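In: My questions are about this predicted structure, shown below with the sequence.
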Amino acid sequence: MKKVIVAMSGGVDSSVAAAYLQEQGYDVIGLTFIMFSEGEKMSDKDKEAVKDAKNVSDQLGIEHYTSNITKEFRENIINDFINKYKKAKTPNPCVICNRKIKFKFLLNKVDEFEADYMATGHYAKIEKNDKNYRYLLKKAVDDNKDQSYMLYRMSQDQLKKTLFPMGEFSKDQIRQMAKKYNLEIHDKPDSQDICFIKDNNYIEYLERQEADIGKPGPILDLEGNKLGEHEGLHHYTIGQRRGLGISKPYPLYVVELDIGNNAVIVGKNKDVFRNSFHIINPNWIFYDNLNQPIIVDCKIRYNSPARKAAVYPEENKCKVVFKDKQRAITPGQSAVFYKNDYVIGGGIIK
């Protein structure tokens, strides 16, 4: 019997993943990460996650453990999130967390428990390519819930040991499966996007964490004329219209965040469109490295549609050129490349 460690957040997806894998004949062990404790005191969020995951584990008759990774989570994810905003970038912490925290520590637990696999409730699929012996990442069946974008930084070592059982089902099917397994959490709401920020109010969070996160400065048009004052660069992102407080006969949008001059640069909507950019820190799933230009479908944010682009390898980075101009290409976000349903790789927008 194959043994699998299932990361259980207390939510519907990971709970059903555990129940489904047990039904498929796996020896399942539940594991819940504690990420927001202070000393010996857990946050309310962690308490709820542990309670719900433990209840499901008890119901399934499987062992359940917790692992406190608060220190590592703060050092690698929260501090990076704050530092990126200090540099006028708009980060996606979930992308970094998956490789550096969740799957890294899950893989450690696979070794510790002498398990065969680790599993989560993510919506994605993994496939082995027998020609080059690489493990490939694919989109989930449910395109509306697909999370392959968030997982593009996974390593081959991580993919090799990972199961994504929920990638074969739609969200509606998973809710029905939760009812079939008589799980009390079958109607529990989905979690928010950024787990450590309440109500997705990242500005309030940043200012609570770092009192000097930003300082006022000028709002300039593309010719350098001063149109007003901003409250700190962390309030703004590329393509933003709301909150500028400037009256013009036409709408204004954030075109650039100039950290050197602490200035917000604004223009018309057409000025927010570009057709090329660079990525840094690329991670490739289809190859060890990209050695020649390729044509891909490129997503520049989680909820945006993929658009046709060419990727040109350069030293330690890549140039990406869209066939058609795209709106609000934002430094700090990820560009992820697809061919059909497969994730080729991606990198951080520079």
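Out: Yes, it's here. What you see is a predicted model; the values in this text were computed from it and never measured.
In: In the stretch 151-300 of the chain, where is pLDDT below threshold?
Out: Flagging of the stretch 151-300 of the chain using pLDDT under 70 yields the residue ranges 192.
In: Try it again at 80.
Out: Within the stretch 151-300 of the chain, the ranges that satisfy pLDDT under 80 run 191-193, 198-199.
In: try the stretch 1-150 of the chain
Out: Across the stretch 1-150 of the chain, the ranges flagged by pLDDT under 80 are 38-40.
In: mind listing the strands for the stretch 1-150 of the chain?
Out: Ranges of strands in the stretch 1-150 of the chain, per DSSP state E, counting those that start in this stretch, are 3-7, 27-34, 63-68, 117-119, 125-129, 134-138.
In: To Glu207, which of these lies closest?
Out: strand 27-34 (25.9 Å; Cβ to Cβ). All C-beta atoms are positioned from the backbone trio N, CA, C, and that covers glycine.
In: if you compare the strands of the stretch 1-150 of the chain, which one is most tucked away?
Out: The highest mean neighbour count among the strands of the stretch 1-150 of the chain, using mean count of other Cβ atoms under 10 Å, belongs to strand 3-7: a mean of 24.
In: Okay, now the sheet partners of that strand, with direction.
Out: strand 27-34 (parallel), strand 117-119 (parallel) (DSSP bridges).
In: The stretch 1-150 of the chain: helices as residue ranges?
Out: Ranges of helices in the stretch 1-150 of the chain, per DSSP state H, counting those that start in this stretch, are 12-23, 44-60, 70-73, 79-86, 93-97, 103-112.
In: Of those, which stretch is the most buried?
Out: Highest mean neighbour count among the helices of the stretch 1-150 of the chain (mean count of other Cβ under 10 Å): helix 12-23, with a mean of 24.
In: hang on, the earlier thing: could I get the helices of the stretch 1-150 of the chain in TSV, plus columns for distance to Phe164?
Out: Listed next are these as TSV, based on distance: least, Cβ to Cβ, whole Å:
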stretch	distance to Phe164
helix 12-23	8
helix 44-60	18
helix 70-73	22
helix 79-86	25
helix 93-97	16
helix 103-112	11
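In: Among the ones you listed, which comes closest to Gln292?
Out: Of all these, helix 93-97 sits nearest to Gln292, with 25.6 Å by Cβ to Cβ.
In: CSV for the strands of the stretch 1-150 of the chain, including distance to Lys45?
Out: What follows is the strands of the stretch 1-150 of the chain, written out as CSV (distance: least, Cβ to Cβ, whole Å):
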stretch, distance to Lys45
strand 3-7, 16
strand 27-34, 10
strand 63-68, 13
strand 117-119, 22
strand 125-129, 29
strand 134-138, 28
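In: ok, Val272 - how many residues close by?
Out: Look at Val272: counted by other Cβ atoms under 10 Å, it has 21 neighbours.
In: likewise Asp271?
Out: For Asp271, the count of nearby residues is 16 (other Cβ under 10 Å).
In: how much space is there between it and Lys325?
Out: Distance from Asp271 to Lys325, counting by Cβ to Cβ, to the nearest Å: 11 Å.
In: Sticking with Asn283, tell me its helix or strand.
Out: Using DSSP states H and E, Asn283 maps to strand 273-284.
In: list the buried ones in that strand?
Out: By 16 or more other Cβ atoms under 10 Å, the buried positions in strand 273-284 come out as Phe277, His278, Ile279, Pro282, Asn283, Trp284.
In: Would you format the strands paired with strand 3-7 as CSV with distance to Lys131 included?
Out: CSV is the format used below for the strands paired with strand 3-7 (distance: least, Cβ to Cβ, whole Å):
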stretch, distance to Lys131
strand 27-34, 32
strand 117-119, 23
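In: tell me the domain boundaries of this protein?
Out: According to automatic domain parsing, the chain comprises the domains 3-200, 214-267, 272-349.
In: Now render the ones you listed as JSON lines, adding distance to Glu207.
Out: Listed next are the domains of the chain as JSON lines, based on distance: least, Cβ to Cβ, whole Å:
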{"stretch": "domain 3-200", "distance to Glu207": "10"}
{"stretch": "domain 214-267", "distance to Glu207": "8"}
{"stretch": "domain 272-349", "distance to Glu207": "18"}
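In: right, so of those, which gets closest to Arg208?
Out: domain 3-200 (10.2 Å).
In: what about that closest one, start to end distance?
Out: Domain 3-200 has an end-to-end distance of 37 Å (criterion: Cα to Cα, to the nearest Å).
In: for stretch 219-227, same thing?
Out: One end of stretch 219-227 sits 6 Å from the other (Cα to Cα).
In: Buried residues in it, which are they?
Out: For stretch 219-227, burial by neighbour count (16+ other Cβ under 10 Å) applies to Ile219, Leu220, Asp221, Leu227.
In: And the helices in the stretch 151-300 of the chain, which stretches?
Out: Using DSSP H, counting those that start in this stretch, the helices of the stretch 151-300 of the chain run over 156-160, 171-180, 202-209.
In: So which of those helices is nearest Asp130?
Out: helix 156-160 (13.5 Å).
In: what's the closest one in contact with?
Out: Here helix 156-160 makes contact (Cβ atoms under 8 Å, 6 or more residues apart in numbering) with Arg99, Phe103, Lys104, Leu107, Ile126, Arg134, Tyr135, Leu136, Leu137, Ile285.
In: Adding distance to Asp46, write those residues out as a markdown table.
Out: Output for the contacts of helix 156-160, formatted as a markdown table (distance: Cβ to Cβ, whole Å):
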| residue | distance to Asp46 |
| --- | --- |
| Arg99 | 22 |
| Phe103 | 19 |
| Lys104 | 19 |
| Leu107 | 22 |
| Ile126 | 28 |
| Arg134 | 36 |
| Tyr135 | 31 |
| Leu136 | 34 |
| Leu137 | 29 |
| Ile285 | 32 |
